[in-house]
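**Student:** coordinates only, sequence not included:
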């Protein structure tokens with residue numbers, strides 16, 4: 001299974017296994033870890049059980065296999 005990391009402009013980062021681009025948004029599926037603030041609801045309901053949508057323009061970087069392959 002593949003592993004990716006992504007960081008947003010505000011410093012929030014996500015580890016995930018799949019992404020889908022739809023217009024200006026990117027849907028991150030199978031989110032395994034994040035430092036998203038509690039107000040986002042992610043930590044309160046599990047780590048993105050159905051995924052999370054982020055605005056593509058807010059993405060600073062994306063990394064494939066952040067801990068090596």
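**Tutor:** Nice, thanks for sending it over. Every value quoted in this text rests on a predicted model; they were computed, and no experiment measured them.
**Student:** For the helix or strand bottoming out on mean pLDDT in the chain, which helices and strands make contact with it?
**Tutor:** Ranking every helix and strand in the chain by mean pLDDT, DSSP states H and E puts strand 33-34 at the bottom, with a mean of 83. Contacts defined by 3 or more CB pairs under 8 Å, 6 or more residues apart in numbering; DSSP states H and E place strand 33-34 against strand 13-16. To be clear about C-beta, it is placed using only N, CA and C from the backbone, and glycine gets the same treatment.
**Student:** Paired strands for the strand it packs on, with orientation please.
**Tutor:** strand 4-8 (antiparallel), strand 33-34 (antiparallel) (DSSP bridges).
**Student:** Among those strands, show me which one is buried the most.
**Tutor:** Each of the strands paired with strand 13-16 was scored by mean neighbour count; the highest is strand 4-8, a mean of 18, by mean count of other CB atoms under 10 Å.
**Student:** re the thing from before, looking at the strands paired with strand 13-16, which is closest to residue 54?
**Tutor:** Nearest to residue 54, of all the strands paired with strand 13-16, is strand 4-8, at 6.2 Å by CB to CB.
**Student:** For residue 36, see how far away the residue nearest to the spatial centre of the chain is.
**Tutor:** With distances taken as CA atoms, centre = their mean, residue 14 lies nearest the centre of the chain, 3.6 Å away. Residue 14 is 7 Å from residue 36, where distance means CB to CB, to the nearest Å.
**Student:** Please apply the same query to residue 9.
**Tutor:** 13 Å.
**Student:** More neighbours: which of these two?
**Tutor:** Taking neighbours as other CB atoms under 10 Å, residue 9 and residue 36 compare with residue 36 leading, 20 against 10.
**Student:** circling back: contacts only, for the residue nearest to the centre of the chain.
**Tutor:** By CB atoms under 8 Å, 6 or more residues apart in numbering, the contact list for residue 14 reads 5-6, 28, 31, 33-34, 36, 48, 52, 54.
**Student:** what's the burial count for residue 63?
**Tutor:** 13.
**Student:** So what angle separates the directions of the helix or strand where it lies and strand 4-8?
**Tutor:** Element membership for residue 63 (DSSP states H and E) is strand 59-64. Interaxial angle of strand 59-64 relative to strand 4-8 (axes from the mean of the first three to the mean of the last three CA atoms, to 10 degrees): 170 degrees.
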